[in-house]
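A.B. asks: Sequence and predicted structure, then a few things I'm wondering about:
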Amino acid sequence: DDSGLRRMQFGIAKKIKNGARRIVLEEAEAARVAAFSAFKSLGVEVPQFTTPLLPASEDSPPRDVMVFPGAGHAKCHESVLGAHVGDERNICSDYVPQRASTEIVGEDMHPVSTIHIKESQGIANSVNIASMQEASPLSTLPSRNVADKGPVNAHNFPGGFDGFLDQWSSVDEFSFDLHFVKRSSKLSLTIFEILGLAVCWENSPVYYCNFPKDLTPTGSNDSVELWEGFRKRWSRIVGIMQQKSVKKTTWNLKNQIQALKSPCVSCQRLARLHLDPKTLNNIEVLDSTYVLLPPISVYNGLDICLVAWILWPDEESKTVPNLEKLVKRRLPSEAAAAANRDGRWRNQMHKAAHNGCCRRAVQTRALGSVLLKLLVSQNLSDLIETVEGPLVNVLADMELWGIGADMDACLRARHIIITRLKELDKEAYKLAGKSFSLNANADIADILFTHLKLPVPKGCEKGKLHPSTDKQCLDHLRDLHPIVSVIKEHRTLAKLLNGTLGSICSRAKLCIQSQRYIIHGNWLQTSTATGRLSMEEPNLQSVEHMVDFTTRKNDKDFTSMSMVDHHEINAREFFVPTQGKLVVGNCRLLPDRAAFYGAFF
């Protein structure tokens with residue numbers, strides 16, 4: 001016995017060791033890829049050797065590795081001092097351009113970067129790496145120094161914030177990302193506080209508009225005058241975002257549409273800019289804390305998440321949409337590194353409040369330049385323009401309106417189901433001759449196959465700890481013992497209680513304006529490869545059909561069959577329209593889906 005136990009322990013230890021080794025190797029490979037991507041983002045092509053780059057002994061002579069371009073290229077030498085070859089992070093952090101020289105070799109001029117790495121302690125004296133820095137066809141940004149890249153505050157644009165608005169209004173395509181915070185007020189209102197907006201277009205850095213600071217003119221302390229300038233600048237942004245001829249790409253468009261439909265700014269932030277909401281006319285203050293701004297309707301907006309899903313529906317529907325992962329999967333390492341660099345502030349800790357909107361805007365632009373071409377080449381552009389694109393606005397409105405819930409009927413049904421579950425517990429204990437948990441599959445398997453000695457149906461032996469007790473297994477046993485029907489009814493009612501009714505009771509909130517309970521869920525457009533919509537928080541994909549059962553009345557004698565109550569509970573009747581209209585119960589595929597979606601506008 002001891003030897004068998006020891007062998008088992010050795011086997012488990014070996015599996016743990018192999019698993020740990022595999023994890024370490026995977027992490028090392030990821031670190032290697034990240035390091036080489038960092039080199040490539042700096043314009044340095046580092047050759048990946050199959051043999052060790054450095055000599056093994058101190059007496060080995062220094063070795064120079066040079067990768068020269070062909071004819072028609074130029075050489076530009078940049079030195080990096082004090083970096084260790086074995087530590088890629090030191091090489092990146094110590095990258096300090098010292099001098100550059102250009103030698104004309106042909107008519108075309110392409111810069112070639114040379115890195116000189118000095119190694120101490122006799123490991124290696126120097127390593128020279130020269131590589132051709134070619135412009136990627138995916139990159140639309142102009143060649144700038146590394147120090148010049150990164151987000152730019154919009155008020156630093158030549159001509160100030162108004163000059164930035166002039167330039168922004170002249171482009172025919174741009175990428176944006178809204179920085180906002182979703183808050184809940186005391187009156188059960190959903191407030192979208194906007195804090196900023198990141199915008200970029202072709203061959204431009206990403207500009208960050210700080211709200212409400214950049215909207216407020218300078219040079220005056222008069223609240224009325226400042227508010228007038230504030231409204232004019234906001235109106236210009238409204239006009240730019242609503243231009244139908246301008247294509248606007250972003251990530252997670254649905255949530256940004258919702259925020260721009262009812263944008264708010266904090267009264268406290270306005271007070272810091274000498275704007276007192278109490279002295280202003282024609283403004284709407286929500287919850288005595290936020291000023292409501294005119295809404296913005298985003299016309300011709302395109303969600304890159306939808307584009308990726310249309311191109312690769314099977315792959316993208318299996319995972320939660322994630323911009324960072326999509327950039328790594330669909331873009332070359334050079335383009336991905338450039339997008340991350342161009343969207344990162346120099347003082348990232350100080351700019352952390354921007355919530356990464358600048359980085360998302362640049363990544364969206366980089367993805368759009370590649371994915372949109374694929375969309376056109378595969379003749380899928382009409383699908384997103386006529387069906388999936390307009391549907392984003394419909395889903396945004398559906399989430400804002402919410403789904404009404406009949407809370408009184410839900411609570412009554414919940415009370416009845418709890419009463420029936422208690423009766424089923426007592427009945428199951430009586431039939432089994434002992435108490436057990438009807439909510440635990442292990443207890444049910446023990447009662448059926450060990451205590452009551454029922455045979456295990458064929459195909460139900462599969463189970464890690466006990467035989468299966470799923471619906472198929474219980475159907476095979478329903479004629480062998482009356483406890484099986486009790487277990488099935490208990491499962492049906494428990495699922496209804498904890499699933500649908502539990503979601504309604506926990507998610508529904510009372511709307512002060514309509515005095516109705518509303519459920520604001522999250523509609524998922526890209527969760528299935530077939531295009532079927534789904535909903536989460538709560539999950540209302542499989543609402544149970546009507547169930548009927550009987551409960552005993554409050555009487556000490558249960559001998560009379562007339563002393564029971566019959567109940568029919570249809571959970572689908574607990575969902576009611578929120579605006580006095582109709583709830584679409586079944587929506588089949590229509591011949592003209594675009595016309596159907598357009599009917600919601």
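C.D. replies: That came through fine.
A.B. asks: What's the local residue count around H155?
C.D. replies: H155 has 17 neighbouring residues, counting by other C-beta atoms under 10 Å. C-beta: built from backbone N, CA, C; applies to glycine.
A.B. asks: Contact partners for it?
C.D. replies: Contacts for H155 were tallied using C-beta atoms under 8 Å, 6 or more residues apart in numbering; they are 161, 164, 210, 213-214.
A.B. asks: now it, what's its secondary structure?
C.D. replies: With DSSP: H, G, I helix; E, B strand; the rest coil as the basis, H155 sits in helix.
A.B. asks: so what pLDDT did it get?
C.D. replies: pLDDT, H155: 93.
A.B. asks: Please report the distance of it from V486.
C.D. replies: Distance, H155 to V486, by C-beta to C-beta, to the nearest Å: 71 Å.
A.B. asks: ditto for P390
C.D. replies: Distance, P390 to V486, using C-beta to C-beta: 50 Å.
A.B. asks: These two - which one has more neighbours?
C.D. replies: Set P390 next to V486 and count neighbours by other C-beta under 10 Å: V486 wins out with 21 against 16.
A.B. asks: so where does the more buried one fall, helix or strand?
C.D. replies: Applying DSSP states H and E as the criterion places V486 in helix 483-496.
A.B. asks: For whichever helix or strand comes after that helix, what is the distance to the chain centroid?
C.D. replies: Once the chain leaves helix 483-496, the next helix or strand it forms, by DSSP H and E, is helix 502-507. In terms of C-alpha atoms, centre = their mean, to the nearest Å, the gap separating the centre of helix 502-507 from the centre of its chain is 24 Å.
A.B. asks: Now helix 502-507: buried residues?
C.D. replies: For helix 502-507, a neighbour-count test (16 or more other C-beta atoms under 10 Å) marks 503-504, 507 as buried.
A.B. asks: One more: stretch 264-271?
C.D. replies: In stretch 264-271, counting by 16+ other C-beta under 10 Å, buried: 264-267, 269-270.
A.B. asks: now, which of these sits nearest S297?
C.D. replies: C264 (16.7 Å; C-beta to C-beta).
A.B. asks: The residue nearest to that closest one when sequence neighbours are not counted: how many residues sit nearby?
C.D. replies: Leaving aside its sequence neighbours, C264 sits nearest to Y290 (C-beta to C-beta, 6 or more residues apart in numbering; 3.9 Å). A count of nearby residues for Y290, using other C-beta under 10 Å, gives 25.
A.B. asks: Quick check: the gap between Y290 and D177.
C.D. replies: Distance from Y290 to D177, by C-beta to C-beta: 21 Å.
A.B. asks: and Y208, what element?
C.D. replies: strand 207-210.
A.B. asks: and what of L178?
C.D. replies: strand 173-184.
A.B. asks: Mind giving me the packing neighbours of that strand?
C.D. replies: strand 190-200, strand 247-250, helix 253-261, helix 357-377 (3 or more C-beta pairs under 8 Å, 6 or more residues apart in numbering; DSSP states H and E).
A.B. asks: circling back to that earlier point, from the contacts of H155, pick the one nearest N252.
C.D. replies: Nearest to N252 among the contacts of H155, with distances taken as C-beta to C-beta, is N210, at 21.1 Å.
A.B. asks: The closest one against N153, yeah?
C.D. replies: Yes: if you go by C-beta atoms under 8 Å, N210 and N153 touch, sitting 6.9 Å apart.
A.B. asks: thinking again about what came up before, how far does the helix holding V486 sit from its chain's centre?
C.D. replies: 37 Å.
A.B. asks: Can you add secondary structure, distance to I12 and pLDDT and give the contacts of H155 back as CSV?
C.D. replies: Shown next, in CSV, are these (DSSP: H, G, I helix; E, B strand; the rest coil; distance: C-beta to C-beta, whole Å; pLDDT from 0 to 100):
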residue, secondary structure, distance to I12, pLDDT
F161, helix, 64, 95
F164, helix, 63, 96
N210, strand, 57, 93
K213, coil, 60, 92
D214, coil, 61, 94
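A.B. asks: So which of the residues you listed wins on neighbours?
C.D. replies: Top of the contacts of H155 by neighbour count (other C-beta under 10 Å): F161, with 23 neighbours.
A.B. asks: In contact with it, which residues?
C.D. replies: 154-155, 209, 214-215, 233.
A.B. asks: now, among these, which is nearest to V307?
C.D. replies: Distances from V307 to these, taken by C-beta to C-beta, are shortest for C209, at 25.2 Å.
A.B. asks: now for the strand holding Y208, which elements pack on it?
C.D. replies: strand 152-153, helix 160-169, strand 190-200.
A.B. asks: Show me the domain layout of this protein.
C.D. replies: Taking automatic domain parsing as the criterion, the chain consists of the domains 2-132, 146-396, 404-598.
A.B. asks: Deepest in the core, which of these is it.
C.D. replies: Of all those, domain 146-396 has the most neighbours on average by mean count of other C-beta atoms under 10 Å, namely a mean of 18.
A.B. asks: Using the three-state scheme, assign the closest residue to S506 other than its chain neighbours.
C.D. replies: Leaving aside its chain neighbours, S506 sits nearest to P538 (7.7 Å; criterion: C-beta to C-beta, 6+ apart). The three-state label given to P538 by three-state DSSP is coil.
A.B. asks: which residues does P538 contact?
C.D. replies: 503-504, 506-507, 519, 521.
A.B. asks: I'd like to know which of those residues is nearest to L375.
C.D. replies: Nearest member of the contacts of P538 to L375, counting by C-beta to C-beta, is G521, at 29.1 Å.
A.B. asks: hmm, back to that, so of the buried residues of stretch 264-271, which ones are in strands?
C.D. replies: Mapping those onto strands (DSSP state E) picks out 264-266.
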